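**Student:** let me see the structure of the following:
(chains A and B)
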Amino acid sequence: MAEQTGHALLTLQNSLRPLLEADGILGGVLCTEDGLPLASALRPGLDEESLAAAGARIGQLSRDQFGDEDLEAGVLDASRLRLVVRPVSLGYLVLAADPAAAIGPAVELAKQLAAAIDRTAVRAAMTEAPRP
Amino acid sequence: MSDLGGDEDHSATADEYLRLLAREPSSLRFAEYADHLRRLERLSDAMVICKHGLVRHPSYATGHVVMAEIMLDTGAPEMAAHHLREALKLDPSHPRAHLLLGELLLTQGDKERAAAEFEAALLASPNLVEAQTALAEARGALTTAQPPAGSNSSATGRKAGQRPEWLTVDRIGDLVDLVAARPSVNRAHAVDADGRVLASSTFGGPRLSGKADVGFVNELRGLASRLAAGRLQSVALCGRQTLTLYLPLGDLVVVAGLRPGADLDEEVRDLGDAISAGPRAEMLRAANG
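**Tutor:** This is a model prediction of the structure:
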């Protein structure tokens, strides 16, 4: 079981790697709803734990603020960093981007990545489920 | 200013303040009235009212803080520093006095003492977002890169967290109208630091939750500061059918609901410009006939 979980996390980690090649994207963290980092791919200088904690809080606040409708993404735009937070089945996907990077493509990238992460999570859950 | 007293109504008109002061000449609310005039850019009147008040109440710390702000607005930083020090002698934990003194020291390049003042402000008022941001910048905790052009650093301008001077109470409605007039926007409103909806394009429509809006933005401001991400410029919440933009403007938050399919990049850029330079330019044009 532990080996399977480890494999799933490795798969998630690998799914974040392409972020580092995307234009204007500084990296990403996948975290639980409590802000516990599960996987990340970040450029040097960015702290995984801080981003995970902040991302989870942004996600929670955004959901509270947004009300009943499903939140697709919350975007925090600050003068030195832009964060895109997307709810996923495991918690939140947090993308860190350069403030000069376009927001629309970053939101779209988060959407695609979130779908891939959810697929991986479902596969892992099915593998780990006890067989009858 | 939030520290003038617990029950003041900043939307009150100058006449209301004058009537109050006539009824209660010994009232401490002279400071509130002077601050009101200062925000209206009636600096000479503000100074006269505040001086009179301080003659009667020389040990009222907030009165000295307001006087310091008037002095800063009139370009007299030395007098401002004098009044801030006076305020801190009277009330050593006055958060706004520490904050303003810190900003003043920072403009003089004294980062160390500025940071100590911001720390003192936070000790007295841990949720003072302006002090959190200013402290982070004073400590050099932020990245060393130059802020992008157009960014308004709280450490370099004392107006951070304060409404721009041109944006007087009577112009907030114009600002909201300007935002709501954009084809991509279907509703807009402006909320002050206390969560009061000061203007809305949908008055009479659904009830607006100003306190939730301002609480949401303030918490994200704090998060941005703790992350060393710099000054919060906007927040966007994207749903399947709706897109909502929150744009901080000094102590105000302008909230715009966008039509489905709106281009987020374009809106963040154009609305940001519209609420900063746009209305100001338009209002100046209007003022000049």
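
**Student:** relative to chain A, how far out is B:V185?
**Tutor:** Distance, B:V185 to chain A, using Cβ to the nearest Cβ, to the nearest Å: 17 Å. For glycine as for every other residue, the C-beta is placed from the backbone atoms N, C-alpha and C.

**Student:** need the pLDDT of that residue.
**Tutor:** Here the pLDDT value assigned to B:V185 is 90.

**Student:** next, give phi and psi for it.
**Tutor:** Main-chain dihedrals, B:V185, degrees, to the nearest 10: phi -100, psi 130.

**Student:** list the contacts for B:R113?
**Tutor:** Taking Cβ atoms under 8 Å, 6 or more residues apart in numbering or on different chains, we find B:R113 in contact with B:G102, B:L105.

**Student:** now the helix or strand harbouring it: how far from the chain's centre is it?
**Tutor:** For B:R113, the host element (DSSP states H and E) is helix B:111-124. Counting by Cα atoms, centre = their mean, to the nearest Å, helix B:111-124 is centred 19 Å from the centre of its parent chain.

**Student:** who's sitting farthest from the centroid in chain B?
**Tutor:** Going by Cα atoms, centre = their mean, the residue of chain B most distant from its centre is B:R240, 33.0 Å out.

**Student:** how close does that one get to A:L71?
**Tutor:** As judged by Cβ to Cβ, to the nearest Å, B:R240 and A:L71 stand 9 Å apart.

**Student:** again, but for B:A134
**Tutor:** As judged by Cβ to Cβ, B:A134 and A:L71 stand 31 Å apart.

**Student:** neighbour-wise, which of these two wins?
**Tutor:** Legend: neighbour count by other Cβ atoms under 10 Å in any protein chain shown for B:A134 and A:L71, higher for B:A134 (29 against 19).

**Student:** local confidence estimate at that one?
**Tutor:** So, for B:A134, pLDDT stands at 82.

**Student:** what do you get for the one 10 residues further on?
**Tutor:** As predicted, B:T144 sits at a pLDDT of 35.

**Student:** need the residues of chain A near chain B, please.
**Tutor:** With Cβ under 8 Å from any Cβ of the partner chain as the criterion, chain A meets chain B at residues A:45, A:50-51, A:54, A:57-58, A:61-62, A:64-66, A:69-81, A:83, A:99-100, A:102-104, A:107.

**Student:** cutoff 7 Å now
**Tutor:** Counting by Cβ under 7 Å from any Cβ of the partner chain, chain A comes close to chain B at A:50, A:54, A:57-58, A:61-62, A:65-66, A:69-81, A:99, A:102-104, A:107.

**Student:** got a quick ChimeraX command for the buried subset of the residues you listed?
**Tutor:** Only the buried entries of the residues of chain A next to chain B go into this ChimeraX selection, using 16 or more other Cβ atoms under 10 Å in any protein chain shown:
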select /A:50,54,57,58,61,62,65,66,71,72,73,74,75,76,77,78,79,80,81,99,102,103,107
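
**Student:** if you look at the residues of chain A next to chain B, which of them are in strands?
**Tutor:** A:L71, A:E72, A:A73, A:G74, A:V75, A:L76, A:D77, A:A78 (DSSP state E).

**Student:** JSON lines for those residues, including distance to B:S27?
**Tutor:** Below are these laid out as JSON lines (distance: Cβ to Cβ, whole Å):
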{"residue": "A:L71", "distance to B:S27": "48"}
{"residue": "A:E72", "distance to B:S27": "52"}
{"residue": "A:A73", "distance to B:S27": "50"}
{"residue": "A:G74", "distance to B:S27": "45"}
{"residue": "A:V75", "distance to B:S27": "46"}
{"residue": "A:L76", "distance to B:S27": "42"}
{"residue": "A:D77", "distance to B:S27": "43"}
{"residue": "A:A78", "distance to B:S27": "41"}
